[in-house]
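>>> requesting a structural model of the entry that follows:
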Amino acid sequence: MAESRVVLITGASSGFGRETARILLGRGFKVYGTSRNPSAKPQEPDVGMIALDVDSDNSIQSGVKELLEETGRLDVLVNNAGYVLTGGAEETSIAEAKAQFETDFFGHVRMTKAVLPTMRKQGSGQIVNISSIAAILPVPFEGYYAAAKAALLAWSEALPHEVKSLGIKVSVVEPGFFKTNLGHTRKIAKYTIRDYDELRRRAIATLDDDFENGADPRLVGETVLRIIASKNPKHEYAVGRERRYKTLKHLMPQSIIENGVRRHWKLDR
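Have a look, this model is predicted:
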């Protein structure tokens, strides 16, 4: 029964996380969310918000302990917290690139490792990782974000083979462009190189348009609901108009895909 299932969603104060929380609440799940600073933003009523930083082992251990002391169990973890780092491969410092991975890859890893002991003890559980279509078709000047999401995708493919016999299911969602605040909250590489300025400007202007004209983030929340309501969920779920490119990349000649990418991001004069 949904009413007895406890769901924890990281990054639940906005975007995909908040929409997912709304949808699951409407279907009777007991929903908890995490945010680095829950008091900074209006929260969804009836969502139990926990202060938690996915970059911190101590914060995660404390937050998961708080949840389990209240609920006694955890049925679903939705790993959603993340941000976008914008900067060319040459422009971005190693420290900035590592920070991207700390949140968008290792943040998911830390959360998963923190909840697996409980799920193993229960003999049941489900993990849903939010990756990105960028893991398959990276965006220029956001290569480290794509790399982190690609690492998450690969890790999420290995994980279910390890935990399936323990009663734990793993799925990964790959959203395309959606109308969220992800683009508005992006971090920018501190040092830029003049030779890339015009290319970067064109690519990011196009990206902003893609976000502005993106799909309704409810689609991602509805996909998460479909995953956790399914007895036998698939491993991968591409969501949004851009999902067709995942198939096309494997069917079309590489030169056509490359030319299409450069044309879309306006990289050639």
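>>> what about the stretch 1-150 of the chain, any weak spots by pLDDT?
For the stretch 1-150 of the chain, residues meeting the criterion pLDDT under 70 lie at 1-3, 39-43.
>>> please repeat the previous calculation with a cut-off of 50.
In the predicted model of the stretch 1-150 of the chain, residues 1 satisfy pLDDT under 50.
>>> so how far is Gly107 from Asp57?
11 Å (CB to CB, to the nearest Å). Yep, even glycine has a C-beta here, placed from its N, CA and C like the rest.
>>> then Val128?
Val128 is 14 Å from Gly107, by CB to CB.
>>> picking that back up, and Asp57 and Gly107? Which one has more around it.
Counted by other CB atoms under 10 Å, Asp57 and Gly107 do not tie: Gly107 has more neighbours, with 26 against 13.
>>> how about the more buried one: what's its closest non-neighbour residue?
Excluding the flanking residues, the one nearest Gly107 by CB to CB, 6 or more residues apart in numbering is Val54, at 3.2 Å.
>>> buried ones in the longest helix along the chain?
Counting residues, the longest helix in the chain under DSSP state H turns out to be helix 143-163. By 16 or more other CB atoms under 10 Å, the buried positions in helix 143-163 come out as 143-153, 155-156, 159, 163.
>>> same question, stretch 92-108
Using 16+ other CB under 10 Å as the test for burial, stretch 92-108 gives 92, 96-97, 99-108.
>>> could you count how many residues lie near the closest residue to Lys30 other than its chain neighbours?
Excluding the flanking residues, the one nearest Lys30 by CB to CB, 6+ apart is Val6, at 4.9 Å. When neighbours are defined as other CB under 10 Å, Val6 has 19 of them.
>>> need the contact list for Val6.
By CB atoms under 8 Å, 6 or more residues apart in numbering, the residues touching Val6 are 29-30, 32, 67, 71, 73-76.
>>> farthest pair in the residues you listed?
Phe29 and Leu67 (13.9 Å; CB to CB).
>>> which residues sit against the longest helix of the chain?
Helix 143-163 has contacts (CB under 8 Å, 6+ apart) with 82, 84-85, 87-89, 92, 96-97, 100-101, 103-105, 108-109, 112, 116, 119-120, 127, 129, 131-132, 134-136, 138-139, 168-172, 174, 235-236.
>>> which of those residues fall in helices?
96-97, 100-101, 103-104, 108-109, 112, 116, 119-120.
>>> save these as a markdown table, and put in distance to Arg262 too.
Shown next, in a markdown table, are the ones in helices among the contacts of helix 143-163 (distance: CB to CB, whole Å):
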| residue | distance to Arg262 |
| --- | --- |
| Glu96 | 25 |
| Ala97 | 23 |
| Gln100 | 24 |
| Phe101 | 27 |
| Thr103 | 29 |
| Asp104 | 25 |
| His108 | 31 |
| Val109 | 33 |
| Thr112 | 36 |
| Leu116 | 42 |
| Met119 | 44 |
| Arg120 | 47 |
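>>> alright, I will stop here.
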